[in-house]
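1. Attaching a predicted model along with its sequence, questions to come.
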Amino acid sequence: MTTATPRPRPKVVTLTEAAAERVREIIANSDKSIVGVRVGVKNGGCAGMSYTMEYAEDVAAFDEVVEDKGVKVLIDPKAVLFLLGTEMDFQVDTLSARFVFNNPNQTSACGCGESVAITPVALDA
């Protein structure tokens, strides 16, 4: 009898080099001891949901911990299925500098770009 080799678990979120560099700057310039950034989603906005991001001083019991390009991103466990496969980028243009989430689960966004509609990933039975 052979046993199946488990497939590697995909990262919930990956970072571009620009996003990783910005997170490193945030950690280095903080007055507090920060282990990384916590990313999630919340209900609200005209499209239904918005991304959240905050300093993470510690790892919570059920956080999904993603280490990419030398930084830690902690994913709120309620957001994992909404964020699976997302690339986090940091973009600077003439009038703004912001984190951008390139999410394959996002089905639409509002005109101002502050809220999105996201369909959670369906788990195979």
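-> That came in fine, so what should we check first? Numbers count the residues shown, from 1 in each chain.

2. May I have the residues that are in contact with the closest residue to residue 30 other than its chain neighbours?
-> In space, not counting the residues next to it along the chain, residue 30 is nearest to residue 55; the distance is 6.6 Å by C-beta to C-beta, 6 or more residues apart in numbering. In short, each C-beta sits where N, CA and C put it, glycine included. The contact partners of residue 55, by C-beta atoms under 8 Å, 6 or more residues apart in numbering, come to 26, 30, 32, 34, 37-38.

3. can you rerun that using 7 Å?
-> 30, 32, 34, 37 (C-beta atoms under 7 Å, 6 or more residues apart in numbering).

4. Likewise for residue 56?
-> Residue 56 touches 34-38, 74, counting by C-beta under 7 Å, 6+ apart.

5. same question, residue 99
-> 19, 53, 88, 90.

6. The helix or strand in which it is found pairs with which strands, parallel or anti?
-> Taking DSSP states H and E as the criterion, residue 99 maps to strand 97-102. For strand 97-102, the paired strands and their directions (DSSP bridges) read strand 86-92 (antiparallel).

7. any idea which helix or strand of this structure has the worst average confidence?
-> Of all helical and strand segments in the chain, the minimum by mean pLDDT, DSSP states H and E falls on strand 116-118, at a mean of 66.

8. In this structure, which residue is most central in space?
-> residue 39 (4.7 Å; C-alpha atoms, centre = their mean).

9. Residue 59: how many residues sit nearby?
-> Under the neighbour criterion other C-beta atoms under 10 Å, residue 59 is assigned a count of 14.

10. Assign a three-state SS to it, would you?
-> coil (DSSP: H, G, I helix; E, B strand; the rest coil).

11. what do you get for residue 26?
-> helix.

12. related to what we said a few turns ago, just the contacts of residue 56: which are in strands?
-> Per DSSP state E, strands hold the following members of these: 36-38, 74.

13. Mind putting those residues into a markdown table with pLDDT?
-> Below are these laid out as a markdown table (pLDDT from 0 to 100):
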| residue | pLDDT |
| --- | --- |
| 36 | 91 |
| 37 | 92 |
| 38 | 94 |
| 74 | 95 |
